[in-house]
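*Asks:* Take this sequence and fold it.
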Amino acid sequence: MSQWRLLRALCLFSLFDAACLLDTGMLFPRESSSREVKDLSGLWNFRADKSPNRNQGFAKAWYSSRLAETGPVIDMPIPASYNDITQDSTLRDFIGWVWYEREVVVPVHWIANEGIRVVLRVGSAHYYAIVWVNGVKVTEHEGGHLPFEAEIGSLIRKDPSVPCRITIAVNNTLTLQTLPPGIIEHMDDPRMYPDGYFVQNTYFDFFNYAGIHRPVLLYTTPKAYVDDITVVTDFLDNTGLVMYKVKVQGAATPTLKVTLIDNDGHSVASSSMPSGVLKVADVKLWWPYLMHVNPGYLYSMEVRLVAADEASKYEDVYTLPVGIRTVNVTSTQFLINNKPFYFHGVNKHEDSDIRGKGLDWPLIVKDFNLMKWLGANSFRTSHYPYAEEILQMCDRHGIVVIDECPGVGIKDIRSFKNASLNHHLVVMEELIRRDKNHPSVVMWSVANEPAAELPPAEYYFQTVIKHTKVLDPTRPVTYVTDSNYARDKGAPFVDVICVNSYFSWYHDPGHLEVIPIQLNTQFENWHTKYQKPIIQSEYGADVVPGLHSDPPLMFTEEYQKVVLQNYHNVFDQKRKQFVIGELIWNFADFMTAQGIVRVVGNKKGVFTRQRQPKAAAFLLRERYWKLANETGRLPPWTKLPCSL
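*Replies:* Next up, the predicted model:
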């Protein structure tokens with residue numbers, strides 16, 4: 001049996017490694033003895049191109065000189081969405097090209113040493129970006145939420161006396177071929193709208209924040225360097241198995257040393273091969289929060305490269321955190337390290353006052369403290385990939401992640417055509433390339449609530465799901481559907497079914513008595529048809545903080561609590577059978593587009609947008625801690641808090 005598991009693990013690893021379709025790696029920039037990182041966060045010059053066709057910046061080549069020389073500029077922080085920074089209402093809902101610029105002083109030794117690669121990396125830009133350095137185009141990227149980069153050493157060495165001027169143009173326009181999709185609607189009636197008037201229509205329920213949401217970095221590597229690392233883990237009895245492959249660029253015959261180091265700084269395994277299996281005696285497994293006394297245990301894989309050419313010798317060092325764990329799915333269970341895991345967690349958004357979707361460390365730390373206070377062991381990155389810094393926090397704290405791509409709002413039949421499908425496949429490749437080594441990521445989600453009843457949906461999602469499984473055969477795949485099991489075209493191809501339903505809210509609003517019947521019917525229908533485990537991936541109700549009513553009425557704190565309690569009663573019946581998780585919608589209130597069904601955003605959070613608890617937060621906390629204690633695998637001091 002042990003030998004069979006080892007062969008299976010090696011087979012999965014070989015498939016995973018062979019499936020990498022992108023040319024280069026996307027390792028997170030880390031400083032080491034051979035690498036430096038320069039963070040360009042801060043104030044950049046900024047201008048929105050408000051010309052009628054949004055094309056003036058290209059027509060007049062704004063990238064060819066300082067942005068201030070071609071017109072007025074304002075300060076704009078990176079990382080941040082630009083929408084809520086100013087008092088300009090036209091900028092808040094602006095659609096089209098915006099321009100960022102900053103001049104950077106590059107360290108002298110970066111320029112003088114031609115054996116150093118200098119890389120410009122953009123953490124994310126929504127949704128299409130073009131980058132110039134000193135007026136020369138260096139890269140462009142389609143899609144938000146994921147990083148892209150370009151090597152710029154040769155450009156900055158052309159004239160070392162000239163500052164490195166970085167210009168980034170970003171366009172937030174959504175079309176039927178983008179992820180997420182959208183439609184630009186032109187209003188041509190001069191009796192009702194100004195000349196050239198148009199609006200961006202979307203099919204998702206969160207605000208279309210735009211800009212450069214994650215840090216822009218300059219980082220260095222030697223000319224010969226570690227380009228990518230792929231890690232797949234397993235264990236046999238008390239021995240951990242770390243299957244790895246190191247990809248090198250810039251050297252034909254490098255010398256490598258791969259060392260796995262534990263938390264105490266001791267080497268536990270090593271190799272000099274570019275790929276292989278590291279065996280770890282007395283392994284410490286990566287466990288989820290509240291599932292083990294020592295959750296989130298990480299080893300460090302240090303990769304040292306030495307290479308030489310006729311002119312120079314190069315040394316590179318990169319260290320990758322590694323969590324040793326396994327993930328498996330049966331028809332009724334989700335297993336982590338061969339133990340049943342029950343998702344009791346949240347859905348979230350990268351969303352907060354003023355900075356929108358911009359990376360904000362105080363907010364991230366606050367959210368993790370609140371999730372752990374709740375007793376949440378997991379979340380879904382609804383409805384797009386979150387910053388890799390957040391996944392790193394999950395790795396360290398043992399928070400389990402369902403990693404979702406931006407496939408939200410695929411509602412129009414024209415979004416199922418080949419152009420959209422091909423883009424979706426590339427997005428999954430970029431997502432898996434970035435997040436494949438995070439132990440916290442246990443499942444890929446390829447879409448949220450698509451129009452699965454449309455005829456092209458079956459082929460579309462069959463293709464995306466199969467492609468995802470080829471890219472990573474080690475993790476299960478899901479997509480998030482709604483409660484109508486009869487029309488779904490993608491469920492046959494996924495490993496876990498995630499279902500969103502809002503009984504007594506969007507359906508039969510105000511009628512709390514229907515929840516037990518309809519929710520039980522939902523679960524039975526799905527499992528009878530597909531024989532797969534089910535996660536209730538969304539449920540909830542809007543509440544205006546401080547609004548009360550007895551008997552409970554919609555939008556009051558009492559109503560939200562009763563909705564949750566009715567759902568929980570059914571969960572407790574079905575989790576003994578085939579329901580493997582519950583994720584509340586939502587962790588916190590978040591901004592949406594203006595409309596008659598939203599009063600300054602979506603109010604389904606158990607916390608306000610400012611992270612203050614509603615009554616439901618205390619209800620959820622009591623439930624989640626009881627669920628954690630029912631596993632019986634926790635030491636006494638982590639039992640249900642006495643305050644409950």
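*Asks:* Tell me where the stretch 101-250 of the chain has helices.
*Replies:* Listed from the start of the chain, the stretch 101-250 of the chain has helices (DSSP state H, counting those that start in this stretch) covering 108-112, 153-156.
*Asks:* List the residues that contact the residue most central in space within the chain.
*Replies:* Geometric centre of the chain, nearest residue: residue 385, 2.0 Å, by Cα atoms, centre = their mean. Counting by Cβ atoms under 8 Å, 6 or more residues apart in numbering, residue 385 touches 145-146, 403-406, 431, 434-435. C-betas here are computed from N, CA, C, even on glycine.
*Asks:* Make JSON lines from those residues and add distance to residue 617 and neighbour count to it.
*Replies:* JSON lines is the format used below for the contacts of residue 385 (distance: Cβ to Cβ, whole Å; neighbours: other Cβ atoms under 10 Å):
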{"residue": "145", "distance to residue 617": "28", "neighbour count": "27"}
{"residue": "146", "distance to residue 617": "32", "neighbour count": "25"}
{"residue": "403", "distance to residue 617": "25", "neighbour count": "23"}
{"residue": "404", "distance to residue 617": "23", "neighbour count": "28"}
{"residue": "405", "distance to residue 617": "29", "neighbour count": "28"}
{"residue": "406", "distance to residue 617": "28", "neighbour count": "25"}
{"residue": "431", "distance to residue 617": "31", "neighbour count": "27"}
{"residue": "434", "distance to residue 617": "32", "neighbour count": "21"}
{"residue": "435", "distance to residue 617": "29", "neighbour count": "22"}
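*Asks:* Now distance to residue 31, secondary structure and pLDDT too, for those, in a markdown table please.
*Replies:* Converted to a markdown table, the contacts of residue 385 look like this (distance: Cβ to Cβ, whole Å; DSSP: H, G, I helix; E, B strand; the rest coil; pLDDT from 0 to 100):
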| residue | distance to residue 31 | secondary structure | pLDDT |
| --- | --- | --- | --- |
| 145 | 24 | coil | 96 |
| 146 | 22 | coil | 97 |
| 403 | 26 | strand | 98 |
| 404 | 30 | strand | 98 |
| 405 | 30 | coil | 97 |
| 406 | 30 | coil | 97 |
| 431 | 25 | helix | 98 |
| 434 | 19 | helix | 98 |
| 435 | 21 | helix | 98 |
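*Asks:* Tabulate the residues you listed (TSV), appending distance to residue 284.
*Replies:* TSV is the format used below for the contacts of residue 385 (distance: Cβ to Cβ, whole Å):
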residue	distance to residue 284
145	32
146	31
403	24
404	29
405	32
406	35
431	28
434	26
435	22
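*Asks:* Going by distance to residue 243, which of those wins?
*Replies:* Sorting the contacts of residue 385 by how near they are to residue 243, with Cβ to Cβ, puts residue 435 at the top with 17.5 Å.
*Asks:* pretty sure the closest one is touching residue 403, no?
*Replies:* Yes. Taking contacts as Cβ atoms under 8 Å, residue 435 lies within contact range of residue 403: 5.6 Å.
*Asks:* which neighbours do those two share?
*Replies:* 385, 391, 441.
*Asks:* Which residues are in contact with the nearest residue to the second one once chain neighbours are set aside?
*Replies:* Read it as residue 391. Nearest residue to residue 391 in three dimensions, chain neighbours excluded: residue 438, at 4.8 Å (Cβ to Cβ, 6 or more residues apart in numbering). Residues near residue 438 by Cβ under 8 Å, 6+ apart: 323, 391-392, 394-395, 401, 403.
*Asks:* By neighbour count, which of these wins?
*Replies:* residue 394 (25 neighbours; other Cβ atoms under 10 Å).
*Asks:* Would you list the phi and psi of that residue?
*Replies:* In terms of degrees, to the nearest 10, the main-chain angles of residue 394 are phi -60, psi -40.
*Asks:* Show the model's pLDDT score for it.
*Replies:* Looking at residue 394, its pLDDT is 98.
*Asks:* can I assume it is in contact with residue 442?
*Replies:* No. Assessed by Cβ under 8 Å, residue 394 is found out of contact with residue 442, at 10.2 Å.
*Asks:* Mind listing what's buried along stretch 282-297?
*Replies:* Using 16 or more other Cβ atoms under 10 Å as the test for burial, stretch 282-297 gives 283-292, 295-297.
*Asks:* let me fix that: stretch 611-628
*Replies:* By 16+ other Cβ under 10 Å, the buried positions in stretch 611-628 come out as 611, 613-617, 619-625, 627-628.
*Asks:* Return the subset of those residues lying in helices.
*Replies:* If you go by DSSP state H, those have 615-617, 619-625, 627-628 in helices.
*Asks:* Same list (these) but as TSV, adding distance to residue 112 and pLDDT.
*Replies:* Formatted as TSV, these follow (distance: Cβ to Cβ, whole Å; pLDDT from 0 to 100):
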residue	distance to residue 112	pLDDT
615	62	97
616	60	97
617	56	98
619	62	97
620	57	97
621	57	97
622	62	96
623	61	96
624	56	96
625	58	95
627	59	95
628	56	93
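*Asks:* and of these, the nearest to residue 598?
*Replies:* Using Cβ to Cβ, those come closest to residue 598 at residue 616, 18.9 Å.
*Asks:* Name the nearest residue to residue 573, ignoring sequence neighbours.
*Replies:* residue 520 (7.5 Å).
*Asks:* For my notes, confirm that neighbour occurs in a strand.
*Replies:* No. Counting by DSSP: H, G, I helix; E, B strand; the rest coil, residue 520 falls outside a strand, being helix.
*Asks:* in what helix or strand does the residue nearest to residue 467 when sequence neighbours are not counted lie?
*Replies:* Distances taken as Cβ to Cβ, 6+ apart put residue 425 closest to residue 467, at 5.3 Å, once the chain neighbours are dropped. Assigned by DSSP states H and E, residue 425 belongs to helix 418-435.
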